[in-house]
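Undergrad: Sequence and predicted structure, then a few things I'm wondering about:
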Amino acid sequence: MIGKCFKALVSVICAFIGVQSAKNLRYDFEHGRATVFAIAGILMTITFLAAIYGLVQVVMMYVQYWG
């Protein structure tokens, strides 16, 4: 089960950045579970938004320091 969840997470990461192959897409639709992909997608979205927020906070800290 952990292996399938890890594969789903890797698949979501690849799809998130736009490098998912058609072969992997077919495999995911045939063998994957929708709930695992939905949860992985939500986690990736939260991680992405947190990273953007953190980057903006760091930039704003430097702008205030130099400004």
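TA: Received, thanks. Numbers count the residues shown, from 1 in each chain.
Undergrad: Could you use CA atoms for every contact and neighbour count after this?
TA: Will do.
Undergrad: give me the low-pLDDT residue ranges for the chain?
TA: Residue ranges of the chain with pLDDT under 70: 67.
Undergrad: Check which helices and strands the host helix or strand of Thr45 sits against.
TA: Taking DSSP states H and E as the criterion, Thr45 maps to helix 34-66. Applying 3 or more C-alpha pairs under 8 Å, 6 or more residues apart in numbering; DSSP states H and E, one finds that helix 34-66 makes contact with helix 2-17.
Undergrad: Which positions within the helix or strand that comes right after the helix it packs on qualify as buried?
TA: Remark: after helix 2-17, the chain's next helix or strand is helix 22-31, criterion DSSP H and E. Buried residues in helix 22-31, counted by 16 or more other C-alpha atoms under 10 Å: Asp28.
Undergrad: Spatially, which residue comes closest to the residue most central in space within the chain, not counting chain neighbours?
TA: In the chain, the C-alpha nearest the mean C-alpha coordinate belongs to Met44, at 3.0 Å (C-alpha atoms, centre = their mean). Using C-alpha to C-alpha, 6 or more residues apart in numbering and skipping the chain neighbours, the partner closest in space to Met44 is Ile13 (7.2 Å).
Undergrad: For Ala8, the count of nearby residues, please.
TA: 22 (other C-alpha atoms under 10 Å).
Undergrad: do the same with Val12
TA: Neighbour tally, Val12, other C-alpha under 10 Å: 24.
Undergrad: Over to Val19?
TA: 10.
Undergrad: Distance check, it against Leu55.
TA: 24 Å (C-alpha to C-alpha, to the nearest Å).
Undergrad: Tyr62 and His31, how far apart?
TA: 47 Å.
Undergrad: meant to ask about Ala40, not that
TA: According to C-alpha to C-alpha, Ala40 and His31 sit 16 Å apart.
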